[in-house]
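**Student:** Here is the input, now give the coordinates:
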Amino acid sequence: MILRALSTYLDRAGGRDLSPWHIGEALAPVAHFWHDHGPLETTDRLDPSSGLGRRVPRGHIQQTFKGLARREGRLFALESLARFLAPPGMRRYGPAFIPHLTSLIALHARDQDLEAEAGFQLWMWERTGDFAFFRDYGRAWLRHGRLEDFAAALEAALAAPPSPALVPSFLELHTALGDWERTAELLARAHAAFPELGASGAFTLLRWRTELSLAPRPAEPPTEVASYKITLNPASPGYRWASVQFERAGLAMTPWLGVEGRRLPVALIRGLGVGPNAPTRQEADQGHLGCSLAHLSLWERFLADGRPLAFITEEDAIPYYRFDFRILEPFLHQGREVIYVNDRRSWVNLAGNIRNWAGPPPRPWLELDEVFQADYEAYGADGYVLTRRGAEKLLEAHHRDGLLDYVDAQMPAYSLKEPVTNPHWWKRRVEALRRRFDRAGRGGYLNAVCLACPWVAESGLYTSETSPWRN
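**Tutor:** Numbers count the residues shown, from 1 in each chain. Coordinates of the predicted model:
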């Protein structure tokens, strides 16, 4: 009866005009059935002509397990997923889709059953050899501040890697600990054991990052820089872990309490200009609205603070290497107002550069227009340096225009001078905003640049129990 009703529901809606919440609610009975019986029985009981099993796309399945984790807890959702892994679920959606689902479950769960989550990821890693499971296994430890467990798991994996090709991935995870001296030792040991790694672009990039991190640098950053880290819970183990990484890089971050998006009414989204009236014609979710409001309130705090520069990171950003603030001086002399220092808007993330890394970038910067024409995503406001003039102009622009999209789309749209021709859906959103500002005579309003060698990387860890990006 449940499945017949659900099939009718999806037939009427076509699965296209439903919000993520409605999709999750609609498919929840199926997820409960999977938990008890597995997908094989579920699909056997369906009328084959209805095509329900084929119609439900990946996005709907994601929302099902996210909603299940939110209502029933992570362990229940993982048990349901274990049932789903049996044929035909694994066969229909593909093994590579499953690690993504487990990450979503971890992010949206209410409970904190760490051992159950880590055990599940380890169980899947041992059976599939898919590195994504080991990555999420490590993230489970880090999210709860269990650095010793994470380090021990990495050391064991590096001592007997299933394949030399996975060694750079294990070492990349090790950089999250901020122990660059130990990373250097592991790199040398891995190269001695597997000389062929010397030809690997990813391995060469790691060695370069390690050399930069171990190079002499000033004992302290300049006092005129105000350093902030947006978070919802500065007392969480994960936030403390991320803060320690910046302390090891010589920088003490000031926590800035974010806005919990899921507590914001949907009506507020439309009232602020994000939604059907936005130039992208896409309704931003509450989580991204909360994230945007956190950035805006922090710009106001920075201006009140009185210092000339702000270094702003989001809660899952960690140091890419031990950086030096002196590199900013030429850009500030050029009148740059925003300097993006995140890896997703840097040279290292240009198409193919990580895998084919052959040496440092030819120059220390990228123009923002270059970044948005390149063949990669360029998301993120997870790390940037802001001048007082830049903060004033951003607040003035948002006061005039309202929140038209996510902060990491609206900020670059104020800086782009040329049309974005890259067809990626994200860049189409930014281009819609750029055209709007250009028509109003405000093209290139904000003077921005990107560091070729980033200061921060997105760790994929949302260290608070509830991240600003949750809806």
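
**Student:** Just the mean pLDDT for the top strand by length along the chain, thanks.
**Tutor:** When the chain is parsed with DSSP state E, its longest strand is strand 225-231. The pLDDT scores in strand 225-231 average 92.

**Student:** Could you do stretch 389-403 as well?
**Tutor:** Rounded mean pLDDT across stretch 389-403 is 93.

**Student:** which intervals of the protein have sub-threshold pLDDT?
**Tutor:** 1-114, 116-117, 127, 217-222, 262, 265-285, 351-356, 460-471 (pLDDT under 70).

**Student:** circling back to that earlier point, residues contacting the helix or strand that the longest strand of the chain is followed by, please?
**Tutor:** Per DSSP states H and E, the first helix or strand lying C-terminal to strand 225-231 is helix 237-248. For helix 237-248, the surrounding residues in contact (Cβ atoms under 8 Å, 6 or more residues apart in numbering) are 142-147, 176-179, 227, 229, 231, 233-234, 252-253, 255, 313, 315-319, 322, 459, 461-464. C-beta: built from backbone N, CA, C; applies to glycine.

**Student:** Which among those residues count as buried?
**Tutor:** 142-147, 176-179, 227, 229, 231, 233-234, 253, 255, 313, 315-319, 322, 459, 461-464 (16 or more other Cβ atoms under 10 Å).

**Student:** returning to what we had before: mind checking which of the contacts of helix 237-248 are in strands?
**Tutor:** Filtering the contacts of helix 237-248 for strands - DSSP E - leaves 227, 229, 231, 255, 313, 317, 318, 319.

**Student:** Make CSV out of those residues and add distance to residue 160.
**Tutor:** Putting the ones in strands among the contacts of helix 237-248 into CSV (distance: Cβ to Cβ, whole Å) gives the following:
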residue, distance to residue 160
227, 40
229, 36
231, 37
255, 39
313, 35
317, 32
318, 27
319, 29
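
**Student:** residue boundaries of the strands in the chain?
**Tutor:** Counting by DSSP E, the strands of the chain are 225-231, 254-257, 309-313, 317-319, 338-340, 365-367, 383-387, 448-451, 456-458.

**Student:** What is the burial count for the spatially closest residue to residue 367 that is not a sequence neighbour?
**Tutor:** Distances taken as Cβ to Cβ, 6 or more residues apart in numbering put residue 449 closest to residue 367, at 6.5 Å, once the chain neighbours are dropped. Residue 449 is flanked by 23 other residues according to other Cβ atoms under 10 Å.

**Student:** I figured residue 449 hits residue 364, correct?
**Tutor:** No. Contact criterion Cβ atoms under 8 Å: residue 449 and residue 364 do not qualify, at 9.7 Å.

**Student:** residue contacts, residue 453?
**Tutor:** Residue 453 neighbours (Cβ under 8 Å, 6+ apart): 212, 320, 321, 346, 347, 348, 360, 361, 364.

**Student:** What ranges does the stretch 201-350 of the chain have for its helices?
**Tutor:** 201-214, 237-248, 266-271, 286-305, 329-333 (DSSP state H, counting those that start in this stretch).

**Student:** Let's have the ones you listed in TSV, adding distance to residue 395.
**Tutor:** Putting the helices of the stretch 201-350 of the chain into TSV (distance: least, Cβ to Cβ, whole Å) gives the following:
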stretch	distance to residue 395
helix 201-214	34
helix 237-248	26
helix 266-271	18
helix 286-305	6
helix 329-333	20
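
**Student:** of all these, which lies closest to residue 259?
**Tutor:** Ranking these by their distance to residue 259 (criterion: Cβ to Cβ) puts helix 286-305 first, at 4.0 Å.

**Student:** Return the set of buried residues in the closest one.
**Tutor:** So, applying 16+ other Cβ under 10 Å, buried residues of helix 286-305: 286-296, 298-299, 302.

**Student:** In JSON lines: those residues, plus distance to residue 400.
**Tutor:** Output for the buried residues of helix 286-305, formatted as JSON lines (distance: Cβ to Cβ, whole Å):
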{"residue": "286", "distance to residue 400": "24"}
{"residue": "287", "distance to residue 400": "25"}
{"residue": "288", "distance to residue 400": "21"}
{"residue": "289", "distance to residue 400": "18"}
{"residue": "290", "distance to residue 400": "22"}
{"residue": "291", "distance to residue 400": "21"}
{"residue": "292", "distance to residue 400": "16"}
{"residue": "293", "distance to residue 400": "17"}
{"residue": "294", "distance to residue 400": "20"}
{"residue": "295", "distance to residue 400": "17"}
{"residue": "296", "distance to residue 400": "13"}
{"residue": "298", "distance to residue 400": "19"}
{"residue": "299", "distance to residue 400": "15"}
{"residue": "302", "distance to residue 400": "20"}
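
**Student:** sorry, back to before: out of the contacts of residue 453, which one sits closest to residue 407?
**Tutor:** Taking those together and measuring to residue 407 by Cβ to Cβ, the closest member is residue 346, at 18.7 Å.

**Student:** Leaving out chain neighbours, which residue sits closest to the closest one?
**Tutor:** Per Cβ to Cβ, 6+ apart, closest to residue 346 is residue 454, 3.9 Å.
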